[in-house]
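Novice: Predicted model, plus sequence, below.
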Amino acid sequence: MDYLRNLGSAAVSTFVQKSGLNLPFTLGPKVDTPSPIYNLYDATKKDDSSPVSVFEYDFTEPARRNFKPLAQNALRKLRTTRHPDILKFIDAVESESTIYIMTERVRPLHSTLSTYSSRPAQEREDWLLWGIHRISIALTFVNDPCASTHGNLSTHSIFLSPSGEWKLGGFELITSTKDSSGVLYSMANVLPTSTSIASPEVKKSGWHTLKDYDPSVADAYALGLLLHVIFNPSHPPLPTAEPPHPPPQPSARGAIPTTIFPAFKKLLNPNPKGRLVVKGFLDLGMAENGFFSSNRLIRICIGLDDFTLAGEAEKTSFLRMLKETASTFPPEFASYRVLPSLLAALEFGGASAASILPLVFQLGKNVSPEEYSSRILAPLIKLYANPDRGTRMALLDHLPEYAEKLDKKTVSDKIFPHLQTGFSDTVAVIREATVKSIILLSPKLTDRLLNNDLLRLLAKMQMDPEPSIRTNTCILIGRLGPSLGYNTKRKVLVPAFSRALKDTFVHCRVAGLMALMATTDCFEIEEIATKVIPNMAFTTLDKEKLVRDQAFKALDLFIKKLEAHAATMSEAAVVEPSDIHITSTGQGTLVNSAAGAAGALAGWAITSLGKKLATTDLQSTLTAAGPSIDRPTSAPVPPGGFSLESHIGELRKAPVSSSSLSQLGANKLPANTALVEFLSEEARANGINNNEVNPWGNDDLIDVNADEGDWSAFETAPVVVEPKPALHSVAGTVSILNDQKLLRQSAENDAWESVQVLDPWQNTAKAHATPAHKRVKSPTSFKQRETSPSLNHESPLHSPAPRDKSILVTATEPKAVSPALPLTPSMATMSKEGKAAEMARRKEERKQRIAALKEQKKSALGT
C-alpha cells in the first residue's frame, strides 16, 4: 500500500510539473481517506520545510466535475473563517482542473478511532469527550457569530492535529443564512454522505427548508448522530435516523456516558423547534459538575489557556493536578498540547518556574529524539536570556537532565554569554548555583572560554564574601584542572589553590589541599618540588587539626612522587671536562647535624675556589687581560650602576664554554656580551633607574590573558649586578698586569699564602689595608668598562658592603710602576652634544671590534 501511495504522489507531482503550476509545497505520501471528492496528501512546505497537509480536488475525472462548486466553496470559506478549533488554512493553488488547499498537518478522525478502541475505557472516554467539546465550540462559532450552517458534520469532516486536538473541516456545504442561493440549499444532494446525516425536516422537505429555522438545528442533529458513531463504532445506525424517527431507547446508549445521554436524546429530537442546539449542549456540559467540566483533559486545556492570568494559588493547584495526572495523558496530547503551553508559561518567570520545569522533562520523555532539540531544548535555551531569577534557578537546578543533549556551539554561543551574569549576581544562591553548573557545561565550552574567560570569573569567585562559594570554586577548579591547557595549568593551578590554602574558612583550606592532590598529574616533577610543596608546607601547622591531617596526607603523596622520580635519576650529574677539580674528604655520605652540614658546605666552597686560583689558571687569566680589555676588571662600577633588567634575555643567551668557567677574564668579549655592555652604557646615559622596574609584575596571579611575561617573572629571579671593589690606584693595576713573574712565583711557592677569607661585613677600612684587591665573581660574571677619570686615585674608593660573603684575592703591590693606561672619558659631566659624539665614537669602536672578531673566527675556521 505504501508503494502505491508513493507512486500516486509521484504521478501527481509529474502532472503538476507538466501543467506549469508553481506549487508552494512538495507532495508526500497519500493519506487513506474515504472522501469521494478530494484526495489528502502529507506534504512539506517549501519555505520552511514545515509539515503540512494538502487537499486535492481533481476535476479531470468525469465523476468529479460536479464537485467543483463544492471545492470552490470550501476554499472560500476556509480562507475567511479562522478559529483555533477549525482547520487552519495556509495557502491554495487553483486552476481550471485542480484545486489544492494547503492546511496544517492533520489526519482523518475515522482512521484514528480504531486505534483508541484498545485503550482503557476511562482514557478513551476522556479523549472522546475532549474531542466532542472542541467540535461543539467550533460549531457554536459557525452557527452563532458566523450565522451559518455547516451541513456536513461527520467523521469524514473532522481531523486530528499532531497534538490530538479535533479540528472541524469539510466546509464544502457551509452556507450563511443570508445567502439564499448557497450551495447547501442547491447542491447538498450532490454530496454522497449528506443523506445519512440529514435531519428529519430535511428528509421531509429538502435542504431549502433550513432557511426557516435556526442555523444550528441541522448541525445539532448531526452532532447527536456523531456521538453515537464515535462511542459505538460497531453498532448499527440509530433507528431514530429514519422515519418516523422514534426517540433513542436506553438500550441504544451503548458506550455513551450516562451523564451525556440525556443531552444526547435532546439533540436527536425530531422537532427542530424543540431540539437542543449546539450552544445549549455546550452550556450543559460546561455547567458545574457537567460532563465537560469534569473531564480532566478539558480542565487541563482550560487551565493551560488561562495559566498566565491565574493567581499564584491557582497556578500551584493546577500544576499539582497536572503532575498527578501527567502519566495518563495520551502521548500526542502531552507532547504537542501540554508541553508547548508549559514552555510558553516559563517565559513569564515567577516562582512557578521551579514546578513547571520538572513537568517539562517528565512529559518530554515521550518526544522523539529527532524532535527533542527543536521542541524542548530550543525554548529552554531562549530562557537563559530571561532575567527572572526564578527561571534561571530552575534552569540550573535541572541542568543535569538536559546538559548531555546540548551541543558545543549552543553552549558557547547562546548559553554561556547569559550564564556568566550569574557570577556577579547580588543573590548568593544564584552565584553558587552558577558555579556548580559549570562542571556540567565545561566539556561543551571552547578552549578560549575555558582557559581564559571562565578562569577570570572563577578568580573573582575565590574572593566571594560567601565561604561556601569560595569552597565550591576551589573544588570546581580542581575538577577542571585536567581539562585545562598545558600553559594554563602552570599559570593557574598553584596560585588558585594557594589562595584557597590561605582562606579563613577551614573547609576551603581542606578543599585546596584535596584539589592539589586531585590534580597531581597536572604538575611537572620540577613544579612539585619548587612550587607545590613550598606553597602548601605551611598548612602542616594550621590551627585546625582537620587541615593539618589533610596537609600531611597531601605532602606524603607528593613526596612519594618525588622519591619515585628520584629513584630513576642517575647517582651523579654528568660533568663536562673543565679545569675545575674539586676534591674533598667525607662528602660522599650524608651529614646528620647542622654543624656538619655547615662544615661540609664551607669545605666545598674553599676547595673549589682554591682550584680556580691555581697558578696556571691565574697566569693565563692575567696574561689574557692585555690591551684588548677596555677597562680593568677590578674597576668600580660607574655612579648609578648598571640597568640590565631590560637585557636579561640577551644575557641568558650568551654562550658559556666549559673552559671559561675557571677564568676571570677572556681575550675578547663575546659579541652578545659586548652588546650588553653597549646597551648598558646607553641605558645609563639615558638615565634609566633600576629601581623603577618591578620584576614581580603587577598582574593578578591568575591573569591568563597576560601572555607576555605573565608567570616568567615569578619563575626566574632577576639578574643582580653587584659592584666590584676598586683598586687603590690605576698604577697598581698596571703593575699587576706587567709584573707577571712576581705573581707566578708567589703562587707556586704557596697558593694559599695570597688567599684570605675576609668577612665582607667587617669595617671597610680593613678591606683596603692591602695595596690592591680583586673580587672573585661567578663563572658567568661579565667585564665592566674602565672607571671614570674623575675618580680620586690618591684615596681608595670604598665599595658598598656585599650581600653575601665573598672570597677576596689580594696581591702585593710591585715596586715598579708603569705608565697609566689611557682612560675612557666619563659621560656624566658631558653636554648633550658631547654625549652624542661620545656615543657615536663608541658605536664605531664596537663595529670595529665585531669586525675583528669575525675575522678571527674566519681565520680560525680556515686553519
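Specialist: That came in fine, so what should we check first? Numbers count the residues shown, from 1 in each chain.

Novice: and the closest residue to Glu56 other than its chain neighbours, how many neighbours does it have?
Specialist: Leaving aside its sequence neighbours, Glu56 sits nearest to Asn39 (Cβ to Cβ, 6 or more residues apart in numbering; 4.4 Å). From N, CA and C alone the C-beta is placed, and that goes for glycine too. For Asn39, the neighbour count with other Cβ atoms under 10 Å is 17.

Novice: Can you list phi and psi of Asn39 for me?
Specialist: Dihedral pair for Asn39: phi -110, psi 140, per degrees, to the nearest 10.

Novice: what's the answer for Ser570, then?
Specialist: Dihedral angles (degrees, to the nearest 10) for Ser570: phi -70, psi 160.

Novice: Distance check, it against Gly280.
Specialist: Applying Cβ to Cβ, to the nearest Å, the value for Ser570 to Gly280 is 103 Å.

Novice: ok, those two, which is more surrounded?
Specialist: Taking neighbours as other Cβ under 10 Å, Ser570 and Gly280 compare with Gly280 leading, 16 against 6.

Novice: where's that one relative to Pro69, distance?
Specialist: Distance from Gly280 to Pro69, by Cβ to Cβ: 33 Å.

Novice: Leu153 touches Ile197, doesn't it?
Specialist: Yes. Between Leu153 and Ile197 there is a contact under Cβ atoms under 8 Å: 6.5 Å.

Novice: Between those two, point out the one with more neighbours.
Specialist: Just comparing Leu153 and Ile197: by other Cβ under 10 Å the higher neighbour count belongs to Leu153, 26 against 23.

Novice: and the more buried one, what does it touch?
Specialist: Going by Cβ atoms under 8 Å, 6 or more residues apart in numbering, Leu153 touches Ile135, Leu139, Leu168, Gly170, Ile197, Asp219, Ala222, Leu223, Leu226.

Novice: Which of the residues you listed ranks first by neighbour count?
Specialist: Neighbour max across these (other Cβ under 10 Å) = Asp219, 29 neighbours.

Novice: ok now do it, which residues does it touch?
Specialist: Contact partners of Asp219, counting by Cβ under 8 Å, 6+ apart, are Leu139, Val142, Asn143, Thr149, His150, Gly151, Leu153, Val278.

Novice: one more time with 7 Å
Specialist: Counting by Cβ atoms under 7 Å, 6 or more residues apart in numbering, Asp219 makes contact with Leu139, Asn143, Thr149, His150, Leu153, Val278.

Novice: Okay, the fifth one and Tyr57: tell me how far apart.
Specialist: Right, the one you point to is Leu153. To Tyr57, Leu153 is 20 Å away according to Cβ to Cβ.

Novice: next SSE after the helix or strand that contains Glu370?
Specialist: Assigned by DSSP states H and E, Glu370 falls within helix 369-372. For helix 369-372, the following helix or strand on the C-terminal side (DSSP H and E) is helix 378-383.

Novice: What's the biggest helix in this structure, counting residues?
Specialist: helix 832-862 (DSSP state H).

Novice: for the residue lying closest to Leu441 once chain neighbours are set aside, what are its contacts?
Specialist: Leaving out its chain neighbours, the residue that sits closest to Leu441 by Cβ to Cβ, 6+ apart is Val411, at 5.4 Å. By Cβ under 7 Å, 6+ apart, the contact list for Val411 reads Leu441, Lys444, Leu445.

Novice: Could you name every residue contacting both of Leu153 and Ile197?
Specialist: Residues touching both Leu153 and Ile197 (Cβ under 7 Å, 6+ apart): Ala222.

Novice: And the pLDDT at the residue nearest to Pro467 when sequence neighbours are not counted?
Specialist: The shortest distance from Pro467 to any non-neighbouring residue, by Cβ to Cβ, 6+ apart, is to Phe505 (3.7 Å). Note for Phe505: predicted pLDDT of 95.

Novice: In this structure His209 contacts Glu201, no?
Specialist: Not quite, residue 209 is Thr, not His. Yes. Using Cβ atoms under 7 Å, Thr209 is in contact with Glu201, at 5.6 Å.

Novice: So for these two, which residue has more residues nearby?
Specialist: Remark: of Thr209 and Glu201, Glu201 carries more neighbours, 21 against 15, as counted by other Cβ under 10 Å.

Novice: Can you show me the CA trace of the strand or helix carrying that one as PDB?
Specialist: In this structure, Glu201 sits in helix 200-205 according to DSSP H and E. The C-alpha atoms that make up helix 200-205 are tabulated as PDB, following Å, rounded to 0.1, in the frame of the first residue of the first chain:
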ATOM      1  CA  PRO A 200     -35.900  14.700   9.800                       C
ATOM      2  CA  GLU A 201     -37.100  18.100   8.400                       C
ATOM      3  CA  VAL A 202     -34.600  18.000   5.600                       C
ATOM      4  CA  LYS A 203     -35.500  14.400   4.700                       C
ATOM      5  CA  LYS A 204     -39.200  15.500   4.700                       C
ATOM      6  CA  SER A 205     -39.000  18.900   2.900                       C
END
